[in-house]
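Undergrad: need a structure here:
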Amino acid sequence: MSNNHDRRSSLAGVVILLITAFIIFRVFKIALSCGSTTGRYICVGVASMFMIQVIENVGMCLGIMPVIGITYPFLSYGGSSILSCFLAVGMVLSVSTHKDDSIFK
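TA: Here you go, the predicted structure:
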């Protein structure tokens, strides 16, 4: 019974990492397709924020990095963390929507 639970937990962890990697990849793709420098900076900053949070969290779980209070994007409990993640995604969506407009020039 425990072996089956370990497999499902490992599979869930891989799925969560893949979903997060897909989100980061899409943010970088939006940055590349953006026509303005400011929009690119916004997207690269958001993607970097998510990458640093994921790398630090995985490192803490593996025991190779010090345990500090960085939350995992969109999953960890905390109102300000979730709010900042959704605000960051909102900025990326705004850049994606207005990538050809002059709003970010």
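Undergrad: for the chain, which segments count as helices?
TA: In the chain, the helices defined using DSSP state H lie at 2-33, 37-62, 79-97.
Undergrad: give me the below-cutoff pLDDT ranges for the chain.
TA: Low-confidence segments of the chain (pLDDT under 70): 1-2, 5, 101-105.
Undergrad: which one of the helices of the chain is the most hemmed in?
TA: The highest mean neighbour count among the helices of the chain, using mean count of other CB atoms under 10 Å, belongs to helix 37-62: a mean of 17. Using the backbone N, CA and C atoms, a C-beta is placed for each residue, glycine as well.
Undergrad: distance to residue 71 for the helices of the chain - can I get that in TSV?
TA: Putting the helices of the chain into TSV (distance: least, CB to CB, whole Å) gives the following:
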stretch	distance to residue 71
helix 2-33	13
helix 37-62	7
helix 79-97	4
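Undergrad: so which of these is nearest residue 70?
TA: Minimum separation from residue 70 across the helices of the chain (CB to CB) falls at helix 37-62, 4.8 Å.
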